[in-house]
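S.K.: Structural data only, the sequence is not supplied:
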């Protein structure tokens with residue numbers, strides 16, 4: 001087998017001294033997998049553990065704790081990196097041959113990220129090895145299987161209320177396309193939100209430096225709010241001007257495929273004053289979601305308050321453990337099958353459908369009881385993306401598509417639960433869970449080529 005020969009050729013002759021009192025000794029584990037041609041359970045577990053570490057961080061450290069955290073900043077020796085690449089490739093091919101495309105895609109994601117790491121660290125591979133790995137990776141990408149058709153719930157049409165009812169929900173509003181899509185959707189349903197808590201960052205979102213710290217309090221609040229709004233919606237505004245066909249193509253499919261009218265999308269893009277959506281809007285300046293001011297404010301909310309989370313970072317356990325509160329989140333993936341990051345893309349690539357889940361949040365990655373989950377109808381954008389930069393497609397997806405996937409499921413959940421007053425949530429089945437990590441650009445290329453019909457010639461930067 002070619003991979004086995006390459007592994008044998010690149011495995012360092014000198015053995016390394018095993019580390020004591022370490023859960024995962026990377027060098028020893030790599031050598032064990034390399035020397036054992038017929039893998040057993042321990043070798044499979046090694047590759048699973050290592051693949052996850054690389055997917056998350058893009059690099060390999062000398063050793064890890066059982067929880068997955070690295071024991072130090074020290075990284076594995078460069079001479080073992082080609083071996084790690086080949087082992088990931090071997091495992092990827094095994095999983096693909098076993099009819100496990102989901103796991104194979106995750107191994108490939110790790111492999112491509114590790115290749116990027118070698119490039120950043122200026123670790124050169126032997127030319128023959130580099131050609132072999134890249135050829136194998138490209139072959140796996142080109143032959144990635146298309147998912148079978150899945151059943152889906154057609155999104156309900158818009159329900160314009162003749163009267164305005166109050167939705168017993170507190171929205172934790174973090175400026176952005178997702179929050180704006182939620183507000184516009186609920187307003188169009190004839191619902192007025194009970195309360196909005198508008199979170200404004202004390203720090204610049206890019207530089208992390210304090211914003212207007214020498215300004216008087218009220219002036220600083222207005223200034224910080226404006227800076228935050230302009231920063232978060234920057235790419236949305238730019239793409240509407242510079243990528244008109246792409247923007248309009250996505251918008252047209254969202255309108256037709258997810259049953260959102262032009263007026264609802266226009267409302268979201270207008271960035272209207274929050275008082276249009278609720279008569280009770282409170283503004284709170286915070287450094288981040290761990291800010292004590294936020295904890296103090298939420299802890300004083302009435303018992304049984306349900307809070308719609310709209311973003312701003314990873315919500316800390318301290319907030320989720322407030323017994324009187326229930327946090328509702330909409331994740332762009334069918335839980336527990338599709339957890340993690342970039343799930344709007346992973347869902348379409350792996351399952352052939354976009355999907356989303358409305359659920360009660362709990363500590364853990366996309367963990368908590370499910371209120372409503374669904375795969376959506378087939379969505380394909382007819383717009384040509386030949387010559388379009390991947391970053392442009394990525395930004396457009398998260399500005400104009402991902403928010404409306406979430407809003408569609410939120411709308412359905414509100415209707416099914418009578419405004420979250422009659423909820424029958426179900427626990428997730430952990431053995432079915434799969435957690436995805438940020439998608440490598442090469443896999444993005446395949447995902448976008450399938451989402452946007454008939455085009456594979458996409459520019460990477």
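M.R.: Structure's in. What do you need? From a predicted model like this one, the values you see are computed outputs, not experimental measurements.
S.K.: What segments of this protein are strands?
M.R.: 24-25, 63-64, 165-174, 191-201, 281-286, 305-309, 325-331, 339-340, 355-360, 370-375, 435-436 (DSSP state E).
S.K.: what's the most buried one of the ones you listed?
M.R.: Most buried of these, by mean neighbour count (mean count of other C-beta atoms under 10 Å): strand 355-360, with a mean of 26. Heads up, the C-betas are built off the backbone N, CA and C, glycines and all.
S.K.: what's the average pLDDT for it?
M.R.: For strand 355-360, mean pLDDT rounds to 96.
S.K.: Give the pairing partners of it; include direction for each.
M.R.: strand 325-331 (antiparallel), strand 370-375 (antiparallel) (DSSP bridges).
S.K.: re earlier: between the strands of the chain, which one is nearest to residue 397?
M.R.: Evaluated over the strands of the chain, closeness to residue 397 peaks at strand 355-360, with 13.9 Å, by C-beta to C-beta.
S.K.: how far is that closest one from where the chain is centred?
M.R.: Here strand 355-360 shows a centroid-to-chain-centroid distance of 13 Å under the convention C-alpha atoms, centre = their mean, to the nearest Å.
S.K.: which residue packs closest to residue 123, ignoring adjacent ones?
M.R.: Nearest residue to residue 123, sequence neighbours excluded (C-beta to C-beta, 6 or more residues apart in numbering): residue 78, at 5.2 Å.
S.K.: Just give me the neighbour total for the nearest residue to residue 258 once chain neighbours are set aside.
M.R.: In space, not counting the residues next to it along the chain, residue 258 is nearest to residue 408; the distance is 4.6 Å by C-beta to C-beta, 6+ apart. Using other C-beta atoms under 10 Å, residue 408 has 26 neighbouring residues.
S.K.: Distance check, residue 408 against residue 255.
M.R.: Per C-beta to C-beta, to the nearest Å, residue 408 is found 12 Å from residue 255.
S.K.: next one: residue 300
M.R.: As judged by C-beta to C-beta, residue 300 and residue 255 stand 41 Å apart.
S.K.: Can you pull the phi and psi angles for the residue nearest the centre of the chain?
M.R.: Nearest to the mean C-alpha position of the chain, by C-alpha atoms, centre = their mean, lies residue 341 at 2.2 Å. Backbone torsions of residue 341, given as degrees, to the nearest 10, read phi -110, psi 160.
S.K.: Find the nearest non-adjacent residue to it, please.
M.R.: Using C-beta to C-beta, 6+ apart and skipping the chain neighbours, the partner closest in space to residue 341 is residue 438 (4.7 Å).
S.K.: again, but for residue 178
M.R.: Among residues not flanking residue 178 along the chain, residue 403 sits closest, at 4.6 Å (C-beta to C-beta, 6+ apart).
S.K.: ok, that neighbour touching residue 184?
M.R.: No: Residue 403 lies out of contact with residue 184 (C-beta atoms under 8 Å); the separation is 9.7 Å.
S.K.: Name the residues contacting each of those two.
M.R.: Residues touching both residue 403 and residue 184 (C-beta atoms under 8 Å, 6 or more residues apart in numbering) are residue 268.
S.K.: Please say which of those two ends up with more neighbours.
M.R.: Neighbours were counted for residue 403 and for residue 184 using other C-beta under 10 Å; residue 403 has more, 29 against 26.
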